[in-house]
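Participant: Just the structure for this:
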Amino acid sequence: MSDLELEVTTDEEETAPVIMLIDDDGKEEAHQVLAWQEYDGREFAVLCPVDIEEGAEVGLVIMESVNDESLEFVADEAVTQAVFDAFMATFGEEE
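Facilitator: Numbering: from 1, shown residues only. Modelled structure (predicted):
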């Protein structure tokens, strides 16, 4: 998903915004914003696909907030992992 178009919507029954990500082939995929996570003085959105089959593994998407108006994919894998770890430390399941 290198080309990105954002369309943020909220359903009256949903409280979290939904963002449409569009891949290089033009396929749209809705993602729900799970959380906004700060890391190293920057803000990131943690996104989860909306349409998930039961029992399927979920790949979260980490995107950086830019100018509080748009999101960009994070190219640095170390930053992506650090943001994911911070998210899990805050919102992960307690054992």
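Participant: List the contacts of the residue nearest the centre of the chain.
Facilitator: Central residue of the chain (CA atoms, centre = their mean): residue 47, 2.1 Å from the mean position. Applying CB atoms under 8 Å, 6 or more residues apart in numbering to residue 47 gives the contacts 19, 21, 31-34, 60-63. C-betas here are computed from N, CA, C, even on glycine.
Participant: Can you select the buried ones among those for me in ChimeraX?
Facilitator: Of those, the buried ones go into a single ChimeraX selection, burial set by 16 or more other CB atoms under 10 Å:
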select :19,21,31,32,33,60,61,62,63
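Participant: So which of the contacts of residue 47 is the closest to residue 77?
Facilitator: Nearest to residue 77 among the contacts of residue 47, counting by CB to CB, is residue 62 at 10.1 Å.
Participant: and that closest one, that's in a helix?
Facilitator: No - going by DSSP: H, G, I helix; E, B strand; the rest coil, the assignment for residue 62 is strand, not a helix.
Participant: That one contacts residue 42, correct?
Facilitator: No - using CB atoms under 8 Å, residue 62 is not in contact with residue 42, being 11.1 Å away.
Participant: Show me how far the longest strand anywhere in the chain is from its chain's centre.
Facilitator: If you go by DSSP state E, the chain has its longest strand at strand 28-39. Here strand 28-39 is found 3 Å from its chain centre; the criterion is CA atoms, centre = their mean, to the nearest Å.
Participant: Could you list every helix and strand that that strand packs against?
Facilitator: Applying 3 or more CB pairs under 8 Å, 6 or more residues apart in numbering; DSSP states H and E, we find strand 28-39 packed against strand 18-22, strand 42-49, helix 77-91.
Participant: average model confidence for the last one?
Facilitator: Average pLDDT, helix 77-91: 93.
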